[in-house]
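>>> Curious how this folds, go ahead:
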Amino acid sequence: MQKEILIAGFGGQGVLFAGQVLAYAAMDTGKIVTWIPSYGPEMRGGTANCTVVIADEEIGSPLVKNPPAVIALNLPSFDKYEDMIQPGGVLVVNQSMVDRTAKRTDISTLFVPGNEIAEETGDRRLLNMVMVGALLAAFPEMNLDDVKAALKAHLPQRHQKLLPNNFAAMDKGYAHAKAQLEGVGVR
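Model prediction:
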């Protein structure tokens with residue numbers, strides 16, 4: 001088994017951290033992992049993306065051309081990566097920053113109001129954890145409990161007090177995406 005995840009957005013949305021959390025979760029459960037960040041020179045507002053490759057065996061190349069899973073946190077990322085996803089793959093979109101529907105019908109597209117859900121949990125910076133939770137609803141290779149355990153194990157002690165809100169954000173994103181997957185007419 002080898003699965004690739006691409007997470008894209010702009011600086012300040014927690015793109016790289018979301019990828020790190022997924023990579024740690026896979027690594028902590030005995031998988032082989034690569035995590036490659038890519039970002040512009042701007043700290044906030046520039047483009048950022050990362051790829052996470054999870055496998056049972058040695059990974060031949062960490063480069064990803066056609067991932068089976070993408071999290072798009074903004075419209076430019078949605079526009080850029082929708083066409084690259086493998087047929088049958090999943091695209092998790094931050095509906096809060098996207099003003100169009102999906103073009104493709106051969107993938108599952110989950111629209112999640114990530115910004116609003118993050119604000120409901122008390123911190124808009126939790127957008128990344130909302131969207132990670134949403135991905136996990138459609139990505140059976142990883143589960144929510146393993147990702148939460150990895151976040152707890154790898155988050156610095158000074159940030160441990162933030163765990164309850166991070167877990168709540170993941171849970172809400174997961175529940176929102178799961179409801180779409182179980183509903184009729186998933187886009």
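
>>> Break down the protein into its helices, ranges please.
Applying DSSP state H to the chain gives helices spanning 15-28, 75-81, 114-120, 127-136, 144-154, 163-182.

>>> What are the contacting residues of the longest one?
Contact with helix 163-182 is made by 92, 108, 110-114, 117-118, 120-123, 126-127, 129-138, 144, 147-148, 151-152, 155, 186-187, as judged by C-beta atoms under 8 Å, 6 or more residues apart in numbering. For the C-beta atoms, the positions are set from N, CA and C on the backbone; glycine is no exception.

>>> Show me how to select, in PyMOL, the buried members of those.
Selecting only the buried members of those in PyMOL, with burial defined as 16 or more other C-beta atoms under 10 Å, works like this:
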select buried, resi 92+108+110+111+112+113+114+117+118+121+126+127+129+130+131+132+133+134+135+136+137+138+144+147+148+151+155
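
>>> Once you drop chain neighbours, what's closest to Gly173?
Gly133 (3.2 Å; C-beta to C-beta, 6 or more residues apart in numbering).

>>> pLDDT score for that neighbour?
Note on Gly133: pLDDT of 97.

>>> pretty sure it contacts Asp145?
No - using C-beta atoms under 8 Å, Gly133 and Asp145 do not qualify as a contacting pair, with a distance of 11.6 Å.

>>> Residue nearest the middle of the chain, spatially speaking?
With distances taken as C-alpha atoms, centre = their mean, Val132 lies nearest the centre of the chain, 3.9 Å away.

>>> give me every residue that touches the nearest residue to that one once chain neighbours are set aside.
With C-beta to C-beta, 6+ apart as the criterion, Val132 has its nearest non-adjacent residue at 5.2 Å, and that residue is Ala18. Neighbouring residues of Ala18 by C-beta under 8 Å, 6+ apart: Ile7, Cys50, Ile71, Asn128, Met129, Met131, Val132.

>>> List just the nearest of those to Arg100.
Proximity to Arg100 was ranked across the contacts of Ala18 by C-beta to C-beta; first place goes to Ile71, at 17.0 Å.

>>> Around that closest one, how many other residues sit close by?
With neighbours defined by other C-beta atoms under 10 Å, the count for Ile71 comes to 30.

>>> Repeat that for Pro87.
Around Pro87 sit 10 other residues, with neighbours defined as other C-beta under 10 Å.
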